[in-house]
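# with the input below, show me the fold.
(one chain, ligands or ions: 2)
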Amino acid sequence: MAVTDHVNLEEFIAGVSRRNTGQPEFVQAVHEVAQDIFDFIEDKEEYHEYQILRRVAEPDRVVSFRVCWEDDNNNIRVQRGWRVQNNNAIGPYKGGLRFHPSVNESILKFLAFEQTFKNSLTGLPMGGGKGGSNFNPKGKSDHEVMRFCQSFMTELYRHVGDDVDIPAGDIGVGAREIGYMFGQYKRITNQFTGVLTGKGLEFGGSLVRTEATGYGVIYFMQDMLERRSDSIEGKTCVISGSGNVATHAAEKVCHLGGKVLTLSDSGGFIHDPDGIDLEKIDWVKTHKTRRRGRIADYVEAFPSATFHEGEKPWGISCDLAAPCATQNELGAEDAKTLMRQGCIAVAEGANMPTDLEGVKVFKDAGIMFAPGKAANAGGVAMSGLEMSQNAARLTWTEDDLQEKLKELMAGIHRRCVEYGALDGDPDGHGPVDYVKGANIAGFKKVADAMLAYGVV
Ligand code: NDP
Ligand code: 2IT
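Ligands and ions are numbered 1, 2, ... in the order given. Below you'll find the predicted structure:
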């Protein structure tokens with residue numbers, strides 16, 4: 001058994017659990033990474049001596065604050081806000097903001113922890129962070145969302161900065177929210193800097209950032225299939241979610257000649273056996289984003305589809321699957337069902353959508369399984385390019401950025417294969433443990449930077 005801090009994996013996780021009482025998502029994320037890292041560092045004395053694993057499992061800091069705002073009926077409302085600055089060993093803290101009633105410290109700590117290794121995997125100089133609030137944007141007017149965002153930034157501004165910590169969007173935070181928050185930051189500091197990414201194109205945003213996460217997920221899927229001399233063309237794909245990541249993943253499946261069968265939201269999923277083509281995806285984007293509607297309404301617009309209330313799409317027969325909604329939406333039974341129905345590859349668009357048991361089912365079966373920290377890294381990678389453009393005060397063309405996104409995803413795939421090829425041959429066609437590859441490649445760069453700094 002590998003050891004670090006003179007303990008085995010079970011004892012290490014028990015310690016993480018003890019120190020993070022009531023934070024199951026954070027413990028789950030650490031567990032998932034630690035099981036691969038234990039083996040990797042077994043014979044590497046320096047990592048043990050400097051307690052690197054113990055140190056990366058502790059965020060640099062967690063800032064929590066009160067956010068007061070006034071609703072349209074003049075009621076005073078109180079929300080909680082957080083920013084978790086997990087690790088800045090390889091660059092300023094970077095990661096999204098999530099506005100959803102389920103948000104708590106455990107969820108943000110897990111997301112910031114994952115973000116650290118994801119950002120490292122991109123090859124760009126970005127540390128890991130995440131933040132958000134238990135504010136629920138659903139059913140709120142634009143003015144209510146604006147007042148909330150302004151109040152949130154009135155506290156957050158003192159903890160962020162273009163060389164310190166650069167937030168972006170995540171669940172419940174899109175172009176509208178980023179615009180309100182950027183406006184408030186600029187107003188308070190009187191500085192026009194690249195403090196947020198995912199900005200509007202008029203004020204420093206980057207082309208291709210909106211599409212980047214979803215497109216990147218499917219590029220990664222394509223890279224996995226290509227290693228096995230296969231492709232997306234002619235394959236069916238089930239997708240969960242109907243937000244930014246899900247709709248753009250769906251779009252790229254269509255571009256590459258595949259057929260999308262499902263989309264979902266927190267109310268259930270729609271199954272369209274005719275395929276959800278580009279025109280239907282545009283309808284979903286408008287309906288979910290601009291009209292802030294429900295996916296259930298799809299069946300009225302497209303009667304070829306059926307709506308399955310309260311269910312997830314994993315029972316639909318498919319070749320490929322991309323969970324793109326939220327964490328722990330795919331368990332062991334779902335994983336077994338997917339494989340029984342013929343699924344050969346899974347790429348995670350969401351962060352940690354497959355739980356630990358589900359991942360084990362996929363790994364044991366040896367199917368192509370891409371963890372979120374690799375497959376959905378295209379979004380933050382494009383954010384990294386938005387930061388570069390802001391710092392250089394210039395804008396790159398759409399063609400350039402589309403090409404760079406493909407290259408970035410290919411680079412992430414290559415790094416995973418380097419540490420995850422099960423036959424030790426990164427250049428061959430053999431099976432790859434992408435979870436292990438992503439964890440080790442992501443960890444190594446952060447750990448080596450931490451070693452260079454000594455004990456800080
Ligand atoms: P959006 O807010 O655009 O969409 C979220 C989607 O997921 C909606 O369809 C929403 O349904 C559904 N959803 C959210 N929470 C739940 C829940 N608790 N149960 C069921 N369905 C839920 O978010 P994104 O598309 O940006 O994010 C989706 C996932 O991708 C998240 O895990 C996020 O962390 C991850 N991600 C996002 C990146 C980005 O660039 N945006 C980058 C990398 C990862 P409903 O409308 O009913 O709430
Ligand atoms: O989970 C993620 O990678 C994101 N929400 C995007 C973060 C970013 O900084 O672009």
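
# for the residue of the chain found nearest ligand 1, which non-adjacent residue is spatially closest?
Nearest residue of the chain to ligand 1, counting by C-beta to the nearest ligand atom: Gly243, 1.8 Å away. C-beta: built from backbone N, CA, C; applies to glycine. Nearest residue to Gly243, sequence neighbours excluded (C-beta to C-beta, 6 or more residues apart in numbering): Lys288, at 6.6 Å.

# what residues does that neighbour make contact with?
Each residue near Lys288 by C-beta atoms under 8 Å, 6 or more residues apart in numbering is listed here: Ser242, Gly243, Thr247, Asp265, Ile295.

# please pick the buried ones from the residues you listed.
Ser242, Gly243, Thr247, Asp265, Ile295 (16 or more other C-beta atoms under 10 Å).

# in contact with Phe362, which residues?
Phe362 touches Ala335, Met339, Val346, Thr354, Phe369, counting by C-beta under 8 Å, 6+ apart.

# in helices, which of the residues you listed appear?
Among those, the members falling in helices are Ala335, Met339 (criterion: DSSP state H).

# what is the nearest of the contacts of Phe362 to ligand 2?
The shortest gap between ligand 2 and any of the contacts of Phe362 belongs to Thr354, at 15.4 Å (C-beta to the nearest ligand atom).

# surely that closest one touches Ala332?
No - applying C-beta atoms under 8 Å as the test, Thr354 and Ala332 come out as separate, 9.2 Å apart.

# which of the two has more residues huddled nearby?
Neighbours were counted for Thr354 and for Ala332 using other C-beta atoms under 10 Å; Thr354 has more, 28 against 16.

# what ranges do the helices span in the stretch 1-150 of the chain?
Assigned by DSSP state H, counting those that start in this stretch, the stretch 1-150 of the chain shows helices spanning 9-19, 24-41, 45-49, 52-56, 105-121, 142-156.

# can you list contacts of stretch 402-420?
With C-beta under 8 Å, 6+ apart, stretch 402-420 has contacts from 40, 121-123, 208, 212, 215-216, 219-220, 223-224, 227, 370, 374, 377-378, 381-382, 385, 396, 426, 432-438, 440-441, 444.

# out of those, which are inside strands?
The strands, defined by DSSP state E, take in Ala370 from these.

# mark which of the contacts of stretch 402-420 are buried, thanks.
Buried members of these, counted by 16+ other C-beta under 10 Å: 40, 121-123, 208, 212, 215-216, 219-220, 223-224, 227, 370, 374, 377-378, 381-382, 385, 396, 426, 432-438, 440-441, 444.

# and Arg77, how many neighbours?
When neighbours are counted by other C-beta under 10 Å, Arg77 registers 15.

# try the one 5 residues further on
Applying other C-beta under 10 Å, we find 24 other residues in the vicinity of Trp82.

# ok, what's across the strand from it?
Judged by DSSP bridges, the bridge partners of Trp82 are Ser64, Gly132.

# returning to that earlier point: next step: the contacts of stretch 402-420 restricted to helices.
Members of the contacts of stretch 402-420 lying in helices (criterion: DSSP H): 40, 121, 212, 215-216, 219-220, 223-224, 227, 374, 378, 381-382, 385, 434-438, 440-441, 444.

# got the contact list for Glu45?
Applying C-beta under 8 Å, 6+ apart, no residues qualify as near Glu45.

# how about Thr395?
Listed by C-beta under 8 Å, 6+ apart, the contact partners of Thr395 are Ser206, Leu207, Gln389.

# most neighbours, which of those?
Ranking the contacts of Thr395 using other C-beta under 10 Å puts Ser206 first, with 25 neighbours.

# count of residues packed around the nearest residue in space to Gly437 that is not next to it in sequence?
Spatial nearest neighbour of Gly437, excluding adjacent residues (C-beta to C-beta, 6+ apart): Gly420 at 2.4 Å. By the measure other C-beta under 10 Å, the count of residues near Gly420 is 21.

# what does the one 5 residues further on give?
Burial of Asp425, expressed as a neighbour count using other C-beta under 10 Å, amounts to 10.
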